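Q: Sequence and predicted model, in that order:
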Amino acid sequence: MAAQKLLLVLTILVSTCIFALCWGFMIIVWRLEYVILPDSVVHLITRYPTVLTLVSTVISTILSVITTFLLSFAVKKAVNHYITRPISLVELHTAIALTKPQPLLRWNHYKLSLFTLIFVCLVTLLNSSWTTLLLPTVLLWPVPISGTDLDLASSAFDTKLGSDSQKSGCKDGVSLHGLNTIDIMASMSGTSATRLAVAGGNESVFAFNGVSYNTSSGGILPAVEDYAGTTLYPGDIGLEYYGGKVVVNTTVIKDRGLTRNYTVTQQGLSANISCSDLDPNDSEFSLSISNITSPGFISNITAWEWVAHSPLGTGASYFSTEVFLESNEFDGLLGVVACPTVGYLYTNVTSFDIFLQGIGQYSFLNATVCKVAPYVASFDVTYDQSMVSVDQQPRSIQLLQNDSTTIIAFIVEVVYRVAISTQTTYNNPLGELLQLNTTDPTTSVMDILENYFRGIVEFSGTYLRSAYFAEGASASSTMQDLYSDQTAFIPLNGTMYITTYGW
């Protein structure tokens, strides 16, 4: 008798331990939401996937056999105790069926039959659930990301940018290498934003500083270390920056899981742009063109002066081309004037205008004006498969105000640089791009111009963030006035999605 009691106590103890561990594990999963396996185990699973199934099946089978045996033993003990009193044959049959366990299907005794059926279903569910419980599955584990970003709309940054623009030895504060970078990359950014120079598709990639952006940069700087681009030490910082490693001010879990992608809400820089034909009867907007021809070494050279006027001020651009006839189908001039140019920019200007007109092979473009209003906004940025994709639906749009005049002046200067650096003595890359419009009849010339200049504005924002977040900038004595002012920074947040194994 003592041995039977000891065996019964042991049965109860083992059953309690097994079910306590089971429910404890379920509670942990419920409280933590995710239970993630160590990476060493995850890599073993991906290397030997059939072994995982085999091991989990063997363990679940052993547990199933143990729990079924313990249950049957407990039921037998209960029956032994129960039959010491008078019972009917049906009740005895029911008790014997439960020890197997099997249902009693005698519908003239439907209550006992229903009870045994439910009991057997629960036991069967318990046995089958061990495999589900023990077998880890592929999960997309969300992990929050937080950090800081440079607030391009802050007066603190505008003040710093203004003081750096006054440095001697540089044009508008930008070094020669920085100007070369802007001349090349701004035009490429505008071209990518139009999506025209892509044969057979409507997606394009803009690459800058080792980072690949889908279509355009959106005026953001990568907020994830794995996507931050080049690891080369920058040649300089601030407006003398021309490439190099940038600092990522976010903290994420590194080297976890099989793959990782990210979605981060960041502040970007873009613009509302509206392009239309220039009304010759509009006295507020005007574009005048003059030229003079002089002898050249091989052929005569024409010097052009383009002057634009708008309610915002005055702008001027100067070009030199080989002499050509306006009816020429192979050579031409596409003049671009940013108005007002930096020298005529007033302190209360929060937008600017761009005037264009084509001559020669670009005569299909009549006098046009594009009204540009830069803004900062929240963009959802996706980092996946080495590509940075900026959502084209910004939120919380905030137009640049009077305390951001220096940033607007910088953008105007970038547009001016593109205007004078892309016109050759024979042709113009923007004009060639507009001629590709025939490949996409659903897109108008005005749409192309709007996207082109929007891409330039967005690159300007990415360049400024890179220049002031370049590695070593935070420790530089010339940057302490910026980094010591917390109003120059804005929080960012997002989610890292890790593909791994767990529950």
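A: Yep, that arrived.

Q: and stretch 25-37, average pLDDT?
A: Stretch 25-37 shows an average pLDDT of 81 in the prediction.

Q: er, stretch 306-314 I mean
A: Here the average pLDDT along stretch 306-314 is 91.

Q: Stretch 185-197 now?
A: According to the model, stretch 185-197 has a mean pLDDT of 84.

Q: Please compute how far that stretch lies from its chain's middle.
A: 19 Å (Cα atoms, centre = their mean, to the nearest Å).

Q: List of residues touching that stretch?
A: Stretch 185-197 is contacted by residues 202-206, 208, 213, 215-217, 414-415, 417-418, 421-422, 429-430, 433, 436-437, 439-440, 443, 448, 451-456, 458-460, 463 when judged by Cβ atoms under 8 Å, 6 or more residues apart in numbering. All C-beta atoms are positioned from the backbone trio N, CA, C, and that covers glycine.

Q: Got a ChimeraX select line for the buried ones in the residues you listed?
A: To isolate the buried members of the contacts of stretch 185-197 in ChimeraX, using 16 or more other Cβ atoms under 10 Å:
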select :204,206,208,213,215,216,217,414,415,417,418,421,422,429,430,433,436,437,443,448,451,452,453,454,455,456,458,459,460,463
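
Q: Restricted to strands, list the contacts of stretch 185-197.
A: Among those, the members found in strands (DSSP state E) are 205-206, 208, 213.

Q: Please identify which of those residues is nearest to residue 242.
A: residue 208 (11.3 Å; Cβ to Cβ).

Q: partners of the closest one in the sheet?
A: Beta-bridge pairing for residue 208 (DSSP bridges): residue 211.

Q: Could you identify the helix or strand that succeeds the helix or strand where residue 121 lies?
A: Element membership for residue 121 (DSSP states H and E) is helix 110-134. Using DSSP H and E, the helix or strand that follows helix 110-134 in sequence is strand 137-150.

Q: what does that next one contact?
A: 34, 36, 157, 221, 223-224, 248-253, 257, 262, 264, 266-267, 464-465, 468-469, 488-503.

Q: hmm, back to that, show me what the mean pLDDT comes to for the helix holding residue 121.
A: 68.

Q: now stretch 449-468
A: Mean predicted lDDT for stretch 449-468 stands at 94.

Q: re earlier: show only the entries of the contacts of stretch 185-197 found in helices.
A: 414-415, 417-418, 421-422, 429-430, 433, 448, 451-456, 458-460, 463 (DSSP state H).

Q: Isn't residue 11 up against residue 71?
A: No: contact criterion Cβ atoms under 8 Å: residue 11 and residue 71 do not qualify, at 9.2 Å.

Q: if you look at the contacts of strand 137-150, which of them are in helices?
A: 157, 464-465, 468.

Q: Looking at those residues, state which has the most neighbours.
A: Neighbour counts for the ones in helices among the contacts of strand 137-150 (other Cβ atoms under 10 Å) peak at residue 468, which has 26 neighbours.

Q: what's the spacing between the lengthiest helix in the chain and its chain's center?
A: Counting residues, the longest helix found in the chain (DSSP H) is helix 49-82. How far helix 49-82 lies from its chain's middle: 49 Å, per Cα atoms, centre = their mean.

Q: Please name every helix or strand in contact with it.
A: Judged by 3 or more Cβ pairs under 8 Å, 6 or more residues apart in numbering; DSSP states H and E, helix 49-82 is in contact with helix 2-32, helix 89-98, helix 110-134.

Q: Next, the angle from that helix to helix 2-32.
A: 130 degrees (axes from the mean of the first three to the mean of the last three Cα atoms, to 10 degrees).

Q: So for helix 49-82, mean pLDDT?
A: Computed over helix 49-82, the average pLDDT equals 75.

Q: go on, stretch 386-404?
A: 89.

Q: would you put the C-alpha positions of it in CSV?
A: C-alpha atoms of stretch 386-404 as CSV (Å, rounded to 0.1, in the frame of the first residue of the first chain):
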residue,chain,number,x,y,z
SER,A,386,21.1,47.2,-49.4
MET,A,387,18.5,49.7,-50.7
VAL,A,388,17.2,52.8,-48.9
SER,A,389,13.6,53.6,-50.0
VAL,A,390,12.0,56.9,-49.0
ASP,A,391,8.2,56.9,-49.0
GLN,A,392,6.9,59.6,-51.4
GLN,A,393,4.0,60.4,-49.1
PRO,A,394,5.5,62.8,-46.5
ARG,A,395,3.7,63.6,-43.3
SER,A,396,3.8,66.7,-41.0
ILE,A,397,5.0,69.0,-43.7
GLN,A,398,6.6,72.2,-42.4
LEU,A,399,7.6,74.9,-45.0
LEU,A,400,10.9,76.5,-44.3
GLN,A,401,10.4,79.8,-42.4
ASN,A,402,12.2,83.1,-42.2
ASP,A,403,14.8,81.6,-39.8
SER,A,404,15.9,79.1,-42.5
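
Q: all numbers from here: first residue = 775
A: Will do, 775 is the new start, and the previous item becomes stretch 1160-1178.

Q: Outside of that stretch itself, list whatever touches it.
A: The contact list for stretch 1160-1178 (Cβ under 8 Å, 6+ apart) reads 926-927, 929, 932, 979, 985-992, 994, 996, 1001, 1042, 1044, 1046, 1121-1122, 1124-1125, 1147-1157, 1181-1182.

Q: Distance from it to the middle of the chain?
A: 12 Å.

Q: try stretch 1084-1100
A: 39 Å.

Q: could I have that stretch exported to CSV, CA atoms only?
A: Provided in CSV are the C-alpha atoms of stretch 1084-1100 (Å, rounded to 0.1, in the frame of the first residue of the first chain):
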residue,chain,number,x,y,z
SER,A,1084,10.0,87.7,-60.1
PRO,A,1085,8.3,89.1,-57.0
LEU,A,1086,11.0,87.3,-54.9
GLY,A,1087,13.9,89.1,-56.6
THR,A,1088,16.3,89.0,-59.5
GLY,A,1089,18.4,86.1,-60.9
ALA,A,1090,21.0,85.8,-63.6
SER,A,1091,22.9,83.0,-65.3
TYR,A,1092,25.7,83.1,-67.9
PHE,A,1093,26.6,80.5,-70.5
SER,A,1094,29.0,80.1,-73.4
THR,A,1095,28.2,78.0,-76.5
GLU,A,1096,29.4,77.5,-80.0
VAL,A,1097,27.5,79.6,-82.5
PHE,A,1098,24.5,77.7,-83.7
LEU,A,1099,21.3,78.4,-85.6
GLU,A,1100,18.1,78.4,-83.6
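
Q: How about it, which residues are buried there?
A: Neighbour counts over stretch 1084-1100 (16+ other Cβ under 10 Å) mark 1084, 1086-1087, 1089-1091, 1093-1095, 1098 as buried.

Q: Count the residues that sit near the nearest residue to residue 1246 once chain neighbours are set aside.
A: Distances taken as Cβ to Cβ, 6 or more residues apart in numbering put residue 1011 closest to residue 1246, at 6.2 Å, once the chain neighbours are dropped. Number of residues near residue 1011 (other Cβ under 10 Å) recorded here: 22.

Q: so how many other residues sit close to residue 1020?
A: For residue 1020, the count of nearby residues is 25 (other Cβ under 10 Å).

Q: wouldn't it be in contact with residue 997 here?
A: No: here residue 1020 does not reach residue 997: they are 10.5 Å apart, not a contact under Cβ under 8 Å.

Q: Can you give me the distance of the residue nearest to residue 1263 when sequence neighbours are not counted to residue 1177?
A: Among residues not flanking residue 1263 along the chain, residue 922 sits closest, at 4.6 Å (Cβ to Cβ, 6+ apart). According to Cβ to Cβ, to the nearest Å, residue 922 stands 20 Å off from residue 1177.

Q: same check, this time on residue 835
A: 71 Å.

Q: quick one, which of the two is more surrounded?
A: A direct count of neighbours by other Cβ under 10 Å for residue 835 and residue 1177 places residue 1177 higher, at 16 against 13.
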